[in-house]
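1. What would the 3D arrangement of this be:
(2 chains)
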Amino acid sequence: MWTEFRHTLRRLRGSALGWGIGLALYALMMVSFYPSIVNLKGQFLELVSGYPKAFAAFFGDLTDLFSPSGYLDLYYFGYLTPIIGIFAAGACAGLLAGDEEKGLLDLVLAHPVGRTALFWGRFLGFVAALAGILLLSYLAWAIPSQSVEFGLSWGQLLLPFLPMFAVLFLFGALALLLSLLLPSSRAGGMLSGGLLIANFLLMGLSRLYPDALGPLVRFTPLYYYQGGKAALGLNGVWLGGLLASGLLLLLPAWFLFLRRDIRVGGEHGWHLPALPWRRG
Amino acid sequence: MNGVVSEKEVALERETAIFTRGLVKWYGRIPALRGVDLEVRRGELFGFLGPNGAGKTTTIRCLLDLIRPQAGEVRVLGINPQADPVAVRARVGYLPGELNLEANLRVEQALRYLDELRGRRTDWSFVRELADRLELDLRMPIRNLSKGNKQKVGLVQALMARPELLLLDEPTAGLDPLMQQEVYRLLREAQAGGATIFFSSHILSEVEALAGRVAIIRAGVIVEEAEPGRLAHMAVRRVRVRFKEAVDPTPLTRIQGVSLLYQNNGIEVTLQVEGEMDGLIKALAAFPIGDIETEHRSLEEAFLAYYKEAC
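-> Residues are numbered from 1 along each chain as shown, chains lettered A, B, ... in the order given. This next block holds a predicted model:
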């Protein structure tokens, strides 16, 4: 299992470094802007008051922007989750089905490595890469924030990264499951990423139409995602629920992989049922 | 009584490297294997011959539990690969028919990764010896390798752990004739070292040259298991002869196994030769030859002709 873990980590290291450094630079920029934003509080509130209510509501409580947790939420954890979700979905969809499509899995599985070890070794490799990306981001927030009087300790700054990790873990697991169910890894990654973005939009719309969409979003993962607000107190039940949901998605994926015929040349494809207009 | 049968079974398992009985595999509605029965003894160099799409690769992949048959029994080195695939693969070296390697690795990195999967038990001086003999540069990035060089990487990774059983799917595909001969030598050496070699091919001459025994698969069924000498019946060639002057080719058509397909005013003839070429070559010595071309029929054509005649 550890051979596959190390191998996956090696393969993801380029993209993980790219994402990690990019997000860290963005974090550094946002930390350095914080004192200026606080100084412009009056002007900013005036500007926000002119926004259409619907627009402002979509992004949450804009007046909370001047608290460290609100700032973190609005400028980082609120909307970067679906963006990093693209990495998570793409990487997980490629872990097994992607390699299978490239014909790489055939040779690997002809070696003395069990399917269970391969499955968990690769997924743990993804988890470590994801943790690396978030660690770089965390350091980029935590190190400079001590000198710009951001108002959050090292520990408090770490807390919002935990729900972010949990959400990405969950959608990564979903991508892995879908990649093994759907005809191609790309379809699995796209559907999983699409569901994450749809969930993000639905959360925004639920703030505009709380009566209509409020009950619905309770059944979606992002409802239980605290974002930057976790800096003020982590909801351990929500965090545990997100991680447990991810694990629950991994179990059928693991089962499917154990029973799977490893493809090499497009055999055992996936077909839509014969619909009336498709019958020849 | 049961004890006697059991001892026989144990002895059979000890002597048998590959055993399949009634192997059936469907891809959706397409039957790939329709009851494959195979028995390969330990230490054999066994050829698995068949045209493209006959079921060679599917059979090999069932042996490694990469795919699962819908019915039938499989034993590899006495082990059921579905019950303990890791134990089987620890003792088997495999060359896939469609070899794909991670393009961003160098050859040595790819080999080291595969060696890690085996628990790092490879003798690297042997790897370097194999690479030298196959003229493979271990420092080359995989993405820069030609098809033939990728095939060499595949051969090295299959051989490098000195496995008890080699499952090779078209081992010489993409290699030039000189390199093919080197591969034949490597395989014979592996056999001499005690390994069992099971290789698939769609090239009659290759199987004839290499294998001690041959099974022929067609449309998912083993149609014949034979000594390679018997394949001569299937070795049908077309020989095109251009003469320096017009001749009467009738004497050539009287040679056993030779028939006239085409002639152009006695200047050029196309003959079909079944089996040995010896008689024709000796007969042609009496003619003023300008040029000779020989061409093997495809295996599928040979099969069709062979089984048509058999019916």
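2. Nearest to chain A: which residue in chain B?
-> Residue nearest to chain A within chain B: residue B:100 (3.4 Å; CB to the nearest CB). Just so you know, the C-beta spots here come from the backbone N, C-alpha and C atoms, and that holds for glycine as well.
3. I'd say that residue and residue A:107 touch.
-> Yes: shown here, residue B:100 and residue A:107 form a contact pair, counting by CB atoms under 8 Å, at 7.3 Å.
4. Comparing these two, which residue is more hemmed in?
-> Neighbour count, other CB atoms under 10 Å in any protein chain shown: between residue B:100 and residue A:107, residue A:107 has more, with 25 against 18.
5. Tell me the helix or strand right after the strand or helix carrying the more buried one.
-> Residue A:107 belongs to helix A:105-108 when elements are defined using DSSP states H and E. Per DSSP H and E, the first helix or strand lying C-terminal to helix A:105-108 is helix A:115-145.
6. What is that next one packed up against?
-> Counting contacts by 3 or more CB pairs under 8 Å, 6 or more residues apart in numbering or on different chains; DSSP states H and E, helix A:115-145 packs against helix A:2-39, helix A:78-93, helix A:154-158, helix A:161-181, helix A:236-259.
7. Flag every buried residue along it.
-> By neighbour count, with 16 or more other CB atoms under 10 Å in any protein chain shown as the criterion, the buried positions of helix A:115-145 are A:115, A:117-134, A:136-142, A:144-145.
8. just stretch A:5-25 next, same as before
-> Buried-residue list, stretch A:5-25, by 16+ other CB under 10 Å: A:5, A:7-12, A:16, A:19-20, A:23-24.
9. repeat for stretch B:207-214
-> Applying 16+ other CB under 10 Å to stretch B:207-214 flags B:207-208, B:210-211, B:213-214 as buried.
10. What is the least confident helix or strand in chain A?
-> Ranked by mean pLDDT, DSSP states H and E, the weakest helix or strand in chain A is helix A:53-58, scoring a mean of 68.
11. ok, and what's touching the helix or strand just after that helix?
-> Next along the chain after helix A:53-58, taking DSSP H and E as the criterion, comes helix A:68-72. Contacts to helix A:68-72, defined as CB atoms under 8 Å, 6 or more residues apart in numbering or on different chains, come from residues A:30, A:34, A:37, A:61, A:64-65, A:141, A:150-152, A:157, A:160, A:227-232.
12. Now the buried members of those.
-> The buried subset of the contacts of helix A:68-72 (16+ other CB under 10 Å) comprises A:30, A:34, A:65, A:141, A:150, A:152, A:157, A:160, A:227-231.
13. From these, which one has the minimum pLDDT?
-> Note: of the buried ones among the contacts of helix A:68-72, the lowest pLDDT belongs to residue A:65, at 75.
14. how about the nearest residue to residue A:4, chain neighbours excluded?
-> Excluding its sequence neighbours, the residue lying closest to residue A:4 (CB to CB, 6 or more residues apart in numbering or on different chains) is residue A:121, at 3.0 Å.
15. cool, residue B:147 as well?
-> residue B:174 (4.2 Å).
16. Spit out the contact partners of that neighbour.
-> B:146-148, B:150-151.
17. out of those, which one sits closest to residue B:254?
-> residue B:148 (43.3 Å; CB to CB).
18. for the host helix or strand of that closest one, what is the average pLDDT?
-> Using DSSP H and E, residue B:148 sits in helix B:147-159. Averaging pLDDT along helix B:147-159 yields 95.
19. by contact count, what packs against it?
-> Going by 3+ CB pairs under 8 Å, 6+ apart, helix B:147-159 lies up against strand B:92-95, helix B:107-117, helix B:124-133, strand B:165-169, helix B:177-192.
20. tell me which parts of the stretch 151-300 of chain B are close to chain A?
-> B:154, B:157 (CB under 8 Å from any CB of the partner chain).
21. Now do the strands in the stretch 151-300 of chain B.
-> Along the stretch 151-300 of chain B, the segments classed as strands by DSSP state E, counting those that start in this stretch run B:165-169, B:196-201, B:213-218, B:221-226, B:236-243, B:258-264, B:268-274, B:289-296.
22. what number of residues lie near residue B:273?
-> The local packing of residue B:273 (other CB under 10 Å) involves 21 other residues.
23. Next one, pLDDT for it please.
-> pLDDT recorded at residue B:273 is 85.
24. likewise residue B:55?
-> 90.
25. go on, the one 4 residues further on?
-> In this model, residue B:59 is scored at 94, pLDDT.
26. got the residues of the stretch 1-150 of chain A near chain B?
-> Residues of the stretch 1-150 of chain A lying near chain B (CB under 8 Å from any CB): A:3, A:7, A:11, A:102-104, A:106-115.
27. Buried by neighbour count: which residues of stretch A:236-247 qualify?
-> Buried-residue list, stretch A:236-247, by 16+ other CB under 10 Å: A:238-239, A:242-243, A:245-246.
28. Near chain B, list only the ones from the residues you listed.
-> Restricting the buried residues of stretch A:236-247 to those touching chain B (CB under 8 Å from any CB) yields no residues.
29. give me the low-pLDDT residue ranges for the chain?
-> Just so you know, I chose chain A. Filtered on pLDDT under 70, chain A yields the residue ranges A:54-63, A:265-280.
30. that's the wrong chain, I wanted chain B
-> In chain B (pLDDT under 70), the answer is B:1-6, B:8-9, B:12, B:230-235, B:296-311.
31. Does residue B:288 touch residue B:241 like I think?
-> No: Residue B:288 is beyond contact range of residue B:241, at 10.5 Å (criterion: CB under 8 Å).
32. Tell me which of the two has more neighbours.
-> The neighbour count for residue B:288 versus residue B:241, taken as other CB under 10 Å, is higher for residue B:241 (22 against 10).
33. quick one: secondary structure of the closest residue to chain B within chain A?
-> Residue nearest to chain B within chain A: residue A:103 (3.4 Å; CB to the nearest CB). At residue A:103 the chain is in coil, as set by DSSP: H, G, I helix; E, B strand; the rest coil.
34. Please report the distance of it from residue A:264.
-> Using CB to CB, to the nearest Å, residue A:103 is found at 6 Å from residue A:264.
35. what do you get for residue B:19?
-> 24 Å.
36. do the same with residue B:112
-> Counting by CB to CB, the gap from residue B:112 to residue A:264 is 24 Å.
37. How many residues are close by residue 82?
-> This is for chain A. If we define neighbours as other CB under 10 Å, then residue A:82 has 21 of them.
38. look at chain B instead
-> Residue B:82 has 12 neighbouring residues, counting by other CB under 10 Å.
39. That one: helix or strand, and which one exactly?
-> Using DSSP H and E, no helix or strand contains residue B:82.
40. That one contacts residue B:64, correct?
-> No: counting by CB under 8 Å, residue B:82 does not reach residue B:64; the two are 10.5 Å apart.
41. Between those two, which contacts overlap?
-> If you check residue B:82 and residue B:64 against CB under 8 Å, 6+ apart, no residue is contacted by both.
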